[in-house]
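> Based on what follows, work out the 3D shape:
(2 chains)
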Number of protein chains: 2
Amino acid sequence: MTREVTIPPTHPRYASLMNREKIVSGYKNGLVALEGLIAHGRGECFDYLVGEQTTESAKLAINTAAAQLLVSEYPVISVNGNVAALCPESLCYLHRSVHKSMMEINLFYYTKEREEKISAELKKYGVDKVLGTNPKNLVKIPELESNRRWVDGSGIFRADTVFVPLEDGDRTLALKKMGKSIITVDLNPISRTSLAADITIVDNVIRAIPLLIERILYHKKNSSDYDLQQLIKRFDNKKGLKDALSIMSNNNVNRL
Amino acid sequence: MTREVTIPPTHPRYASLMNREKIVSGYKNGLVALEGLIAHGRGECFDYLVGEQTTESAKLAINTAAAQLLVSEYPVISVNGNVAALCPESLCYLHRSVHKSMMEINLFYYTKEREEKISAELKKYGVDKVLGTNPKNLVKIPELESNRRWVDGSGIFRADTVFVPLEDGDRTLALKKMGKSIITVDLNPISRTSLAADITIVDNVIRAIPLLIERILYHKKNSSDYDLQQLIKRFDNKKGLKDALSIMSNNNVNRL
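From the prediction side, this is the model:
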């Protein structure tokens, strides 16, 4: 199938349309599942409702997530096909900016081919060790039936904090029950993942991750461990979700 | 490509994930356009907001749509790829339950192959005549530039009522200008189709069509032509849209 994408940079939704192209390319290159295209469409819709920009509430969640990653003993960054297609470079930069962190591939619609393609994509950006791909190291998350119950014994299984952008609700809940601190990026403020996570960044992952890195670099320079702990302590995740929903509601009512 | 999709029936969003699988299968079987996957994702977003259940307002719209289909002289059911992938069986049952009705294929992203696959899919469920596929019978809808300006001269062109689930806004407006009564199913209460239609069912097409059939069977047994006309006369489409939007805004706040 040949097609020419000719979206002019002046198009009001240029950024969103370019991200859609990244997902379509990701599908063609074997990183993204067909279901991932649909999930991306859902995300686009919520992004549209939130105004396609990072809200003040999301910025607060990002700042707190930066603190949480820095105070963690063993934070793990979970990578799926859509995230790998949308922002592999900034994700790998995030990993490097939190020196104790590890990266782990975890797919809802698992195939060996996809896993290998995603692993190769991350290695392109200088990541030497990617967890989750060696069957010998995999252990089961309790209480989870889907393919996603398998995690790496040296990765998510022993992590204290897990960063799971664009995650399935069942899995987030299972990780939560295991006592982990969960950070997610999810444009749907009422998804089970958003509700279960400790820190939910209601934002487009493409906008959120560079901002997260920026806050990490800032805190590494300027904040004490006590400062970071205070930030985390004061954070109210429910309030952030309510703010996001309220923005989505008000924007819409004004349109009718 | 081999893959195992093992979504357990215990997954709280099993129904939605299974519908996603229907669209993915539809794409693989040539019924659904790649763009249809993204459109489905957008639908999932709005379905999430509405609570993934049929609201009282939607039930009222469904009841009125049943009346409208029964009082029409020549109702036509418009079929596109996503509808054909999601609920071909109930759509064909709907057609049989309204004995004057005709089915017509109308695609936004037209290819001959998709049209043929969709036609074959409908015939699988016992529909002997499908309109919209014979180039000799096609006529133009005025004021419309896309492929969708072509409709069947024996179908939508001469219909008094058109049932257009999951329809493009431009086309709905053009049909409206031609003086037709429009019934649609659209989860987005602020889409141009939702705003332009006479009866907008803000619901998932998978849930709505069986309920529509149920109301048709009920009215055929129990309602006079006068009853049906009164139902239609009393119906306020804007109110239904406002209700849907209000549920999307308020319900969700209560979930948090």
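
> Show me which positions of stretch A:164-180 end up buried.
Neighbour-count burial for stretch A:164-180 flags A:164-176, A:178, A:180 (criterion: 16 or more other CB atoms under 10 Å in any protein chain shown). The way it works is simple: take the backbone N, C-alpha and C, and place the C-beta from them, glycine included.

> now stretch A:196-211
Going by neighbour count (16+ other CB under 10 Å), the buried part of stretch A:196-211 is A:196-209, A:211.

> Tell me the residues of the stretch 51-200 of chain A that contact chain B?
Contacts of the stretch 51-200 of chain A with chain B, taken as CB under 8 Å from any CB of the partner chain, map to A:109-111, A:113, A:145-147, A:169-170, A:188-192, A:195.

> Now a ChimeraX select for only the buried ones of those residues.
One line in ChimeraX is enough to select the buried members of those, burial here meaning 16+ other CB under 10 Å:
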select /A:109,110,111,146,147,169,170,188,189,190,191,192,195
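
> Looking at the residues of the stretch 51-200 of chain A next to chain B, which is nearest residue A:139?
Ranked by distance to residue A:139 (CB to CB), these are led by residue A:147 at 13.9 Å.

> if we can go back for a sec, so which of the buried residues of stretch A:196-211 comes closest to chain B?
Distance to chain B, by CB to the nearest CB, is smallest for residue A:200 among those, at 10.9 Å.

> Skipping adjacent residues, who's closest to the closest one in space?
Nearest-residue entry for residue A:200: residue A:194, 4.5 Å, with adjacent residues in sequence omitted and distances by CB to CB, 6 or more residues apart in numbering or on different chains.

> coming back round to it: sort out for me which of the buried residues of stretch A:196-211 are in helices.
By the criterion of DSSP state H, membership of the buried residues of stretch A:196-211 in helices covers A:196, A:205, A:206, A:207, A:208, A:209, A:211.

> and the gap between the closest residue to residue A:79 other than its chain neighbours and residue A:111?
Of all residues not flanking residue A:79 in the chain, residue A:105 sits nearest, at 5.2 Å (CB to CB, 6+ apart). In this view, residue A:105 and residue A:111 are 12 Å apart by CB to CB, to the nearest Å.

> Assign a three-state SS to residue A:139, would you?
Under the three-state scheme (DSSP: H, G, I helix; E, B strand; the rest coil), residue A:139 adopts strand.

> Quick check: pLDDT value at it.
Each residue has a pLDDT score; the one for residue A:139 is 91.

> backbone phi and psi for residue A:103, please?
phi -110, psi 140 (degrees, to the nearest 10).

> quick revisit: surely the residue nearest to residue A:200 and residue A:185 touch.
No. Counting by CB atoms under 8 Å, residue A:194 sits too far from residue A:185 to count as a contact (9.6 Å).

> Among these two, which residue is more densely surrounded?
residue A:185 (30 against 25; other CB atoms under 10 Å in any protein chain shown).

> Off-centre distance for stretch A:100-109?
Stretch A:100-109 sits 11 Å away from the centroid of its parent chain (CA atoms, centre = their mean, to the nearest Å).

> Compute the first-to-last residue distance for it.
Stretch A:100-109 has its terminal residues 28 Å apart, counting by CA to CA, to the nearest Å.

> Buried residues, that stretch. List them.
For stretch A:100-109, burial by neighbour count (16+ other CB under 10 Å) applies to A:101, A:102, A:103, A:104, A:105, A:106, A:107, A:108, A:109.

> likewise stretch A:50-63?
In stretch A:50-63, counting by 16+ other CB under 10 Å, buried: A:50, A:54, A:55, A:57, A:58, A:59, A:60, A:61, A:62, A:63.

> where's the closest residue to chain B within the stretch 151-256 of chain A, which helix or strand?
Chain B sits closest to residue A:249 of the stretch 151-256 of chain A, with a gap of 3.5 Å, by CB to the nearest CB. Secondary structure from DSSP states H and E places residue A:249 in helix A:237-253.

> That helix - contacts with which helices or strands?
For helix A:237-253, the elements it packs on are helix A:34-50, helix A:56-71, strand A:199-201, helix B:237-255, judged by 3 or more CB pairs under 8 Å, 6 or more residues apart in numbering or on different chains; DSSP states H and E.

> Any idea how far the first one is from the middle of the chain?
Offset of helix A:34-50 from its chain centre (CA atoms, centre = their mean): 14 Å.

> ok and the residue in the stretch 1-150 of chain A nearest chain B?
residue A:41 (2.1 Å).

> Could you report the neighbour count for that residue?
Using other CB under 10 Å, residue A:41 is surrounded by 22 other residues.

> In this structure it contacts residue B:35, no?
No. Look at residue A:41 against residue B:35 with CB under 8 Å: they stay out of range, at 9.4 Å.

> so residue A:164 touches residue A:78, yeah?
Yes. If you go by CB under 8 Å, residue A:164 and residue A:78 touch, sitting 4.5 Å apart.

> just the strands in the stretch 51-200 of chain A please.
Taking DSSP state E, counting those that start in this stretch as the criterion, the stretch 51-200 of chain A carries its strands at A:75-79, A:102-105, A:130-131, A:138-140, A:150-152, A:161-163, A:181-185, A:199-201.

> Mind giving me the packing neighbours of the fourth one?
Counting contacts by 3+ CB pairs under 8 Å, 6+ apart, strand A:138-140 is packed against strand A:150-152.

> strand partners of the strand it packs on, parallel vs antiparallel please.
Sheet partners assigned to strand A:150-152 using DSSP bridges are listed as strand A:138-140 (antiparallel).

> Poorly predicted segments of the stretch 51-200 of chain A, please.
Under the criterion pLDDT under 70, the flagged ranges of the stretch 51-200 of chain A are A:143-148.

> shared neighbours, residue A:194 and residue A:185?
Residues touching both residue A:194 and residue A:185 by CB atoms under 8 Å, 6 or more residues apart in numbering or on different chains: residue A:200.
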